[in-house]
Each structure stands twice: as C-alpha cells, then as structure tokens.
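Student: Below are the sequence and a predicted model for it; my questions follow.
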Amino acid sequence: MKRNIVITGGAGFIGSHVVRLFVNKYPEYHIINLDKLTYAGNLANLKDIEDKPNYEFVKMDICDFDAFYKLMQDKQVDGIIHLAAESHVDRSIKDPFTFARTNVIGTLSLLQAAKLYWESLPEKYEGKRFYHISTDEVYGALELTDPEGVPAPFSTKASSENQHEAYGKDFFVETTKYNPHSPYSASKASSDHFVRAFHDTYGMPTIVTNCSNNYGPYQFPEKLIPLMINNCKNGKQLPVYGDGMQIRDWLHVSDHCNAIDTVLHKGVIGEIYNIGGNNEKANIEIVKLIIKTLGKDESLIKYVKDRPGHDRRYAIDNTKITTQLGWAPKYTFEQGIAETIQWYLENEEWMNKITSGDYMKYYDNMYKKA
Ligand code: NAD
Ligand code: DAU
C-alpha cells in the first residue's frame, strides 16, 4: 500500500537508521526526512540512500507550524514517525529552554498540524498514525540494589519471559509513574503527555514507545560510547562521571529500528510500548571494554565530577512488546559493541568532520573543568 510518511529527525543518529530501513524495506512508501539540521543532524549519515526515488529530504524546524501544515497538505502525509528532538542530557542542563522549545512546542506543533490536516479529510483519521519516539528517562531512576550481598550484577527476572543479569529488582513497565529528573527528560515527558492528550481528547491515532539507551554507528560523539571510543583511539582521557556505577540498558540501534517498524505496523492505537535490550551495563564496564578492545591502558580513565541529578539505573521490562507484538532484540551486546567499535575505527573521516570546529568548543566547555 502506498503511504506518505514523514520521519522527523531523520538526519540524526536513530532517525537516519529508521529512514534507511524504511526507504530500503518499503519501496512503495514515500519517505520524507524532515530535519532542521542542528549540530546533531548530519546528511552524511544517509549518503547511501539519498538518491533513492522514494526518499526526499526537507529542511524544516518542527516548531514551524505553518510550514509543517503546508507540507502535510502538499505531500498528503498519512504517517509521522517523530524522532526530532534535542537529545543530550548534559546540554539540557546548560540550556533547558532549547529543549522545551523543540521537544515540547515542536511536538505540539506537529500534533496540531496533523490534527487539522487529517480532520479536514473525508476519511479523517482512518489509516493515519502519529508515532512518537520517546525515552525510558521519563520514568526517572531505579535503585541499584543488591539485597543478598551478592556483587552486582546478579540474576533476577524482569518477568516470566525475560531472564537476564540485572543490577536491581525493579524495571520500568508501561505504567511506571513518570518522574523525570533532567530538563531533557522533563521535556520528553511533557511531549509524551501532549501526545497522549491528543489521543484522549481528539481521537488522534497515536502510539508512543519509550526506549532505553541506543548504541551503534552514526551516534554523535557527545554520547558515552562514541565519545569513549574516539577519545580512547586518540589517547585522550576518558571522563567517567561520578563512580561510573550508573546502569543503562543498552540496545543496538538496528534492534530499535526493527521495533519501530513492528510498532508502526502492528502496534495498537493509543498504546505505549517500552523497548529495551535486557542488557544492563555499568558505565565503567563499557569504558573498560572499549579500552581492552582498542588495546589501550586503563590509566586513561579519569573520574570526573558527577552529572547533576544523575539517574542511577535504567532498566526496561520489555514483556509487552515481545509478547504482544512479537519483537525481540537480535544483537547480543558482545556482537553489537564489537561491530560498533569497528565501525568507528573504519569511519575516521565521518568522525573527524564532526569533531572539528564546533564540537571542540562544546567539548572544552563541557569537560575543561572536569
Ligand atoms: P540525535 O540528537 O542524534 O538527533 C536528533 C535529530 O533531530 C537531529 O538530526 C537534529 O537535527 C533534529 N532536530 C533537532 N531539533 C530539531 C527541530 N527543532 N526541528 C527539526 N529537527 C530537529 O537524537 P537521537 O539520539 O537519534 O534520538 C532520536 C529520538 O529518539 C529523540 O526523540 C530521543 O529523545 C529518542 N531516544 C533516543 C535514545 C538514545 O539512546 N539516543 C533512546 C531513546 C529515545
Ligand atoms: O535512556 C535513553 C536515553 O539515553 C536517551 O533518551 C538520550 O537521548 C540519550 O542521550 C541517552 O541518555 P544518557 O544520559 O543515558 O546517555 P549518555 O550517553 O549521555 O550517558 C550514558 C551514561 O554515561 C550516563 O550515566 C552518563 C555517563 N557518561 C556520559 C558521558 C557523555 C559519563 O560517565 N561520561 C561522559 O563523558
């Protein structure tokens, strides 16, 4: 079936993988990559598909209501996968307004434009989708617990279906109360609420997914894994926040993309699905793994001042999406991280283009006093 789908934030890390998957897998869909090209947007991420006939790039700010409403009309858009966001917690601590603008007002602007356009059609919301990509950070932080005095990680069960090594007894489920701690997560939580409100108030066919930490190729090197690979490769210090015992539930970006594909096509309107890899790691474990893989020395590690409001542990219970929609992650962390490190080593030019210029200003400002 022909569909016209807008993917916002398609020049970013996850967005570019989603665009690639949809352009290649669904030649009958017209994919419109809508992106403002902030510091995080990079069309070089999409070089391999930019000439495909079912792909189009539109440079636009999601806060530009008029422009987006016109695009909905001109392109007869019937699906929106919304990834555009300011996505980095540390930046949100320094500049919360930009996060409120893009993540909250931008999302509201898309919702309102989609509502007005779809409600003007004879078929109204029939066959339409507004799919909002969100984060597990909206749930706040879990305890890092070790009740039996066993050194973490210890075996536990996230549900009857999932068993994995975990750093605590509790997991985020879809009904976990929102409790965001950073300006970033507060802005994402707010956007999630607007999406739900448009479903409940206007009957907008929305779906929301809340995913754990992604890793893989094309991630901007402000985030833990590419930053550590790049620094380690260049013999630079590896800035570990606090004690390095913060836990994240890592998911390969390809697995996230397959989940997005599954949810768009099989997800139930109005529902929320958590996406995670059953793969909890402490930051320091990851840093040491990168050092070992690159054959460097642990003396590169530098424990620095902790991130304010730093969430201790995130961990997703993915039972709902695995049992109801049949999605499951395919990558093991060992395979995924090995491939990812290799990718960054082989794509030096991509990294060098990003880390010249503005990135160094950001880096010095962020880490100089650390
Ligand atoms: P990213 O920072 O790599 O990319 C964000 C993209 O959005 C960039 O291309 C940027 O140019 C674009 N953008 C920013 N502001 C815009 C605006 N006002 N108008 C139009 N485009 C704009 O982000 P990412 O890591 O790929 O995350 C994508 C989405 O997934 C975000 O919504 C994020 O909250 C969510 N998410 C990310 C992760 C993760 O681990 N990275 C995990 C769960 C959820
Ligand atoms: O959980 C999903 C979220 O994961 C997404 O919603 C966010 O967009 C994404 O940025 C990510 O947020 P985190 O804050 O978890 O990711 P980040 O890569 O910034 O940091 C991962 C962990 O590593 C975190 O505990 C902070 C720590 N860290 C990070 C950096 C950049 C360090 O110790 N040193 C660093 O230099």
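Tutor: Received the coordinates, thanks. Numbers count the residues shown, from 1 in each chain. Ligands and ions are numbered 1, 2, ... in the order given.
Student: how about the residue of the stretch 101-250 of the chain found nearest ligand 2, phi and psi?
Tutor: The minimum distance from the stretch 101-250 of the chain to ligand 2, using Cβ to the nearest ligand atom, falls at Thr135 (3.1 Å). The C-beta positions use only the backbone N, C-alpha and C, and glycine is treated the same way. In terms of degrees, to the nearest 10, the main-chain angles of Thr135 are phi -130, psi 160.
Student: how near is it to Val89?
Tutor: From Thr135 across to Val89, the span is 10 Å (Cβ to Cβ, to the nearest Å).
Student: Mind listing the shared neighbours of those two?
Tutor: Both Thr135 and Val89 are contacted by Ser185, under the criterion Cβ atoms under 8 Å, 6 or more residues apart in numbering.
Student: Tell me which residues touch the residue of the stretch 251-370 of the chain found nearest ligand 2, please.
Tutor: Nearest to ligand 2 in the stretch 251-370 of the chain, going by Cβ to the nearest ligand atom, is Asn283, at a distance of 4.4 Å. By Cβ under 8 Å, 6+ apart, the contact set of Asn283 is 224, 240-241, 244-248.
Student: In the stretch 1-150 of the chain, what residue comes closest to ligand 1?
Tutor: For the stretch 1-150 of the chain, Cβ to the nearest ligand atom, closest residue to ligand 1: Gly12, 2.0 Å.
Student: Which residues are in contact with that residue?
Tutor: Counting by Cβ under 8 Å, 6+ apart, Gly12 touches 35, 40-42, 45, 83-84, 87, 220.
Student: Okay, it and ligand 2: tell me how far apart.
Tutor: 10 Å (Cβ to the nearest ligand atom, to the nearest Å).
Student: ditto for Val18
Tutor: Applying Cβ to the nearest ligand atom to Val18 and ligand 2 gives a distance of 15 Å.
Student: what sits against that residue?
Tutor: Contacts of Val18 (Cβ under 8 Å, 6+ apart): 7, 10, 81, 83, 257, 260.
Student: again, 6 Å this time
Tutor: Shown in contact with Val18 (Cβ atoms under 6 Å, 6 or more residues apart in numbering): 7, 257, 260.
Student: and the end-to-end length of stretch 341-354?
Tutor: 17 Å (Cα to Cα, to the nearest Å).
Student: ok, is it in contact with ligand 1 or not?
Tutor: No: applying Cβ under 6 Å from any ligand atom, one finds stretch 341-354 separated from ligand 1 by no less than 11.1 Å.
Student: Kindly report the same for stretch 225-242.
Tutor: No: using Cβ under 6 Å from any ligand atom, stretch 225-242 stays clear of ligand 1, with a minimum separation of 9.7 Å.
Student: With stretch 182-201 instead?
Tutor: Yes: Stretch 182-201 lies within reach of ligand 1 by Cβ under 6 Å from any ligand atom, at Lys188.
Student: Begin at 21, not 1, for the rest of this chat.
Tutor: Yes, from this point I'll number from 21; that puts the last item at stretch 202-221.
Student: Kindly export that stretch (C-alpha atoms) in PDB.
Tutor: As requested, the backbone C-alpha atoms of stretch 202-221 are provided in PDB (Å, rounded to 0.1, in the frame of the first residue of the first chain):
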ATOM      1  CA  SER A 202      16.700  16.300  34.000                       C
ATOM      2  CA  PRO A 203      15.500  19.100  31.800                       C
ATOM      3  CA  TYR A 204      15.800  16.700  28.800                       C
ATOM      4  CA  SER A 205      13.700  14.000  30.400                       C
ATOM      5  CA  ALA A 206      11.200  16.600  31.700                       C
ATOM      6  CA  SER A 207      10.800  17.900  28.200                       C
ATOM      7  CA  LYS A 208      10.300  14.400  26.700                       C
ATOM      8  CA  ALA A 209       7.800  13.600  29.500                       C
ATOM      9  CA  SER A 210       5.900  16.700  28.600                       C
ATOM     10  CA  SER A 211       5.800  15.800  24.900                       C
ATOM     11  CA  ASP A 212       4.600  12.300  25.800                       C
ATOM     12  CA  HIS A 213       1.700  13.800  27.800                       C
ATOM     13  CA  PHE A 214       0.800  16.000  24.800                       C
ATOM     14  CA  VAL A 215       0.700  13.000  22.500                       C
ATOM     15  CA  ARG A 216      -1.500  11.000  24.900                       C
ATOM     16  CA  ALA A 217      -3.700  14.100  25.400                       C
ATOM     17  CA  PHE A 218      -4.300  14.300  21.600                       C
ATOM     18  CA  HIS A 219      -5.300  10.700  21.600                       C
ATOM     19  CA  ASP A 220      -7.700  11.000  24.500                       C
ATOM     20  CA  THR A 221      -9.100  14.400  23.600                       C
END
